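Student: Sharing a sequence plus its predicted fold:
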Number of protein chains: 2
Amino acid sequence: MTVTLADVAARAQVSPATVSRVLNGNYPVAASTRERVLKAVDELDYVLNGPASALAAATSDLVGILVNDIADPFFGIMAGAVQSEIGGPGGRAGGERLAVVCNTGGSPERELTYLTLLQRQRAAAVVLTGGAMEDAGHQAAVAAKLRKLTEAGTRVVLCGRPPAPGTGAIALTFDNRGGGRELTEHLIGLGHRRLGYIAGPEERTTTRHRLEGHRAALAAHGIEEDARWTVHGPYDRQSGYEATLELLRRDPSLTAVVAANDTVALGACAALRDSGLRIPRDVSVAGFDDLPFSIDAVPALTTVRLPLAEAGARAGRIAMGRQEAPIGGIATVRGELMVRGSSGAPRA
Amino acid sequence: MTVTLADVAARAQVSPATVSRVLNGNYPVAASTRERVLKAVDELDYVLNGPASALAAATSDLVGILVNDIADPFFGIMAGAVQSEIGGPGGRAGGERLAVVCNTGGSPERELTYLTLLQRQRAAAVVLTGGAMEDAGHQAAVAAKLRKLTEAGTRVVLCGRPPAPGTGAIALTFDNRGGGRELTEHLIGLGHRRLGYIAGPEERTTTRHRLEGHRAALAAHGIEEDARWTVHGPYDRQSGYEATLELLRRDPSLTAVVAANDTVALGACAALRDSGLRIPRDVSVAGFDDLPFSIDAVPALTTVRLPLAEAGARAGRIAMGRQEAPIGGIATVRGELMVRGSSGAPRA
DNA sequence: TGCGATACAGCAAGCGCTTTCTATGCGCTA
DNA sequence: TAGCGCATAGAAAGCGCTTGCTGTATCGCA
């Protein structure tokens, strides 16, 4: 039925061992023999049985990439960058690896299940992207899983995610707090004093850090925050739209709206427009991430650029052992404030 | 070192066979025994060895999803939908499957390599999304691969991709031609007679079909197309920007620009704005796909909505054998014209 | 009480590959 | 010419799991 190594061996008149060695190329095989084997492989259209070789060799060429939402370019960009460095087909590394991206949908259970699945497959490496849940129980469970993975020899890299001490995982963390602070300081510098904030989902590290940065900026400038100025919601456009209407309802005198990310900011812009407000004349808007579409918003979005592709690529290289891990296993990746048309001085 | 089935068996005082059966749950096991086994599994923190069981059972729970560009929401949305139906962790199906998305980057070689890798892993199913390359050699190679996969029992579904006759693959095809035609007819109906077209990369089915639809509309209305009115380029924003400038250079009298997709259209809008032209007063713009951000363009983009999520979900269900394949193995998914602010009557 | 049917549990034979160890042939050197 | 080492090929023992087949109690029923 299916062609096996033994069939190839028989056809090439050599032992299965030799065929295996030709295919893996890590043992001397005479050129003439090799050629004969390759010819047989070709004629028989032989395809190696992955599970069998993984079992025998006790290793696999699977690399897992966990993302919260695959439909969100934030993750897509990182995942693509990781993958390009993993050395999957066409990647710059030699060995062919199956880089697989797993969509957790932001669900803790799925995240854990995917990690188990990856562990089960004896993945060569795992990259976790994006913010983590702050639920203590879940964090402990993930940490335990990660420790087990690293102990089993799987390289684990966190990309855009806070460190997980004691797990052996390498962390490339985004400086969400610093970025958030810089962004809000920019607005304050422009003269804003009443700023609405549309935060991401609660219990997420990203949400909290960005919000903390925002508040730190307010505090640093002696602006007392009004509890009505903050609204939480998911990381999507609709949330931004609704949250903005809500903010306006709570305090129509706001002169700026800071969103948890660009997608949310887009929703905010739409809500403002629909409310008859002009950006930035009436209300300034700011996002976070600098996704590709942000520059095309009208006016273009003021935001914090996160080097998603660079960070992903670095994470990929580290996962493949082609680049050294940062000292201490932790590196902080900073964002860059991008001032564009959506922010301006408030009306006097 | 690592815990194996045998260890669990020893601890639970049963045979390995019994443990296996408890874990796979497809054979009667006394409740008391099951409990003992589960307890041992838990205590030992046992994780099944994926490759080993795949080898022994000659099946795997891997499902591959091929996409051209994972950073593009067009693919992200489809991939996410497929995945949610695959029954990966948290999906609505019971069995835990590892749904993996593979990023081909639009490269034929990578596509082929990923298919081989998936074949090697004895994937349970494969979903290919997005347009195909039109290179005859490559198409034949892919077709051969697909045939081999289906013959080996892997279910293959094409989502948003033309059928591959004789391969046993199920196809859910987007009606790119019809959508393209409808879109251009809308513009013609508005009074446009000189329409620029920014096509996607050559040698792609999607590119060709959309362009054909556009031309069919022109022909149907007796508009003779000027060769200068079409420019090809990749599916990205920058391409749209540059192509638009080029079109304007070639024929400043164009009153509408039709883009191969929304991302390209965004670039076109930016180019028009930067050229001091107003949308739609001076030039109308239209996209394709109706990605989430399109409604946030200013003015909102007139485009053709493709039910990406629905199609992906359906593809996923078919791949899992939870929904019947369309008769003949081919179904056409139609788009819906979304008329928005970016298109209007040309100035008299 | 006796007999077939039933419900579990175990044995053991692989699944297709990798890899260690061993065998063989050959070219050289002394 | 005998002896040694190197280059290469093969034999065979698993890797950890699944599953067909073979027991062996236990149960129902007459």
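Tutor: Noted; the coordinates are in hand.
Student: Could you check the pLDDT of the residue of the stretch 101-250 of chain A found nearest DNA strand D?
Tutor: When distances are taken as CB to the nearest atom of the strand, the stretch 101-250 of chain A reaches nearest to DNA strand D at A:R120, 8.8 Å away. (C-beta placed from N, C-alpha, C; glycine too.) Listed pLDDT for A:R120 reads 91.
Student: Ignoring the adjacent residues along the chain, who's closest to it?
Tutor: B:G50 (4.1 Å; CB to CB, 6 or more residues apart in numbering or on different chains).
Student: burial of the closest residue to chain B within the stretch 101-250 of chain A, as a residue count?
Tutor: For the stretch 101-250 of chain A, the residue positioned closest to chain B under CB to the nearest CB is A:T113, at a distance of 3.2 Å. Using other CB atoms under 10 Å in any protein chain shown, A:T113 has 18 neighbouring residues.
Student: so when I look at it, I'm seeing a helix, right?
Tutor: Yes. According to DSSP: H, G, I helix; E, B strand; the rest coil, the state of A:T113 is that of a helix.
Student: Just the pLDDT for it.
Tutor: Among the per-residue scores, A:T113 holds a pLDDT of 91.
Student: low pLDDT regions in chain A?
Tutor: Residues of chain A meeting the criterion pLDDT under 70: A:1, A:87-95, A:348.
Student: Could I get the full set of strands for it?
Tutor: For chain A, applying DSSP state E gives strands covering A:62-67, A:98-103, A:125-129, A:155-159, A:170-174, A:195-199, A:230-232, A:256-259, A:284-286, A:303-305, A:330-333, A:336-338.
Student: what sits against the residue nearest to A:R120?
Tutor: A:P51, A:A54, A:L117, A:R120, A:Q121, A:R122, B:S60 (CB atoms under 8 Å, 6 or more residues apart in numbering or on different chains).
Student: okay, the strands of chain A in JSON lines with mean neighbour count and distance to B:P234 next?
Tutor: What follows is the strands of chain A, written out as JSON lines (neighbours: other CB atoms under 10 Å in any protein chain shown; distance: least, CB to CB, whole Å):
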{"stretch": "strand A:62-67", "mean neighbour count": "28", "distance to B:P234": "24"}
{"stretch": "strand A:98-103", "mean neighbour count": "30", "distance to B:P234": "22"}
{"stretch": "strand A:125-129", "mean neighbour count": "27", "distance to B:P234": "25"}
{"stretch": "strand A:155-159", "mean neighbour count": "25", "distance to B:P234": "26"}
{"stretch": "strand A:170-174", "mean neighbour count": "24", "distance to B:P234": "29"}
{"stretch": "strand A:195-199", "mean neighbour count": "26", "distance to B:P234": "34"}
{"stretch": "strand A:230-232", "mean neighbour count": "19", "distance to B:P234": "38"}
{"stretch": "strand A:256-259", "mean neighbour count": "30", "distance to B:P234": "30"}
{"stretch": "strand A:284-286", "mean neighbour count": "30", "distance to B:P234": "30"}
{"stretch": "strand A:303-305", "mean neighbour count": "25", "distance to B:P234": "22"}
{"stretch": "strand A:330-333", "mean neighbour count": "16", "distance to B:P234": "28"}
{"stretch": "strand A:336-338", "mean neighbour count": "15", "distance to B:P234": "24"}
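Student: could these be laid out in CSV, adding distance to B:V37?
Tutor: Output for the strands of chain A, formatted as CSV (distance: least, CB to CB, whole Å):
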stretch, distance to B:V37
strand A:62-67, 28
strand A:98-103, 28
strand A:125-129, 28
strand A:155-159, 30
strand A:170-174, 36
strand A:195-199, 46
strand A:230-232, 44
strand A:256-259, 51
strand A:284-286, 56
strand A:303-305, 52
strand A:330-333, 41
strand A:336-338, 55
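Student: Of all those, which one comes closest to B:A136?
Tutor: Proximity to B:A136 (CB to CB) singles out strand A:98-103 among the strands of chain A, at 27.8 Å.
Student: any idea which residue sits dead centre in chain A?
Tutor: Taking CA atoms, centre = their mean, the centroid of chain A lies closest to A:T129, which sits 3.1 Å from it.
Student: Pretty sure the residue of the stretch 101-250 of chain A closest to DNA strand D sits against B:N49.
Tutor: Yes. A:R120 sits in contact with B:N49 when judged by CB atoms under 8 Å, with a separation of 7.0 Å.
Student: Who has more neighbours out of these two?
Tutor: Neighbours of A:R120 and B:N49, each counted by other CB under 10 Å, are more numerous for B:N49; the result is 22 against 19.
Student: so can I have CSV of the strands of chain A showing distance to chain B?
Tutor: Shown next, in CSV, are the strands of chain A (distance: least, CB to the nearest CB, whole Å):
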stretch, distance to chain B
strand A:62-67, 8
strand A:98-103, 3
strand A:125-129, 12
strand A:155-159, 15
strand A:170-174, 17
strand A:195-199, 15
strand A:230-232, 19
strand A:256-259, 13
strand A:284-286, 12
strand A:303-305, 14
strand A:330-333, 18
strand A:336-338, 16
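Student: how about the ones you listed in TSV, adding distance to DNA strand C?
Tutor: Putting the strands of chain A into TSV (distance: least, CB to the nearest atom of the strand, whole Å) gives the following:
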stretch	distance to DNA strand C
strand A:62-67	15
strand A:98-103	15
strand A:125-129	18
strand A:155-159	18
strand A:170-174	26
strand A:195-199	50
strand A:230-232	50
strand A:256-259	51
strand A:284-286	53
strand A:303-305	44
strand A:330-333	33
strand A:336-338	45
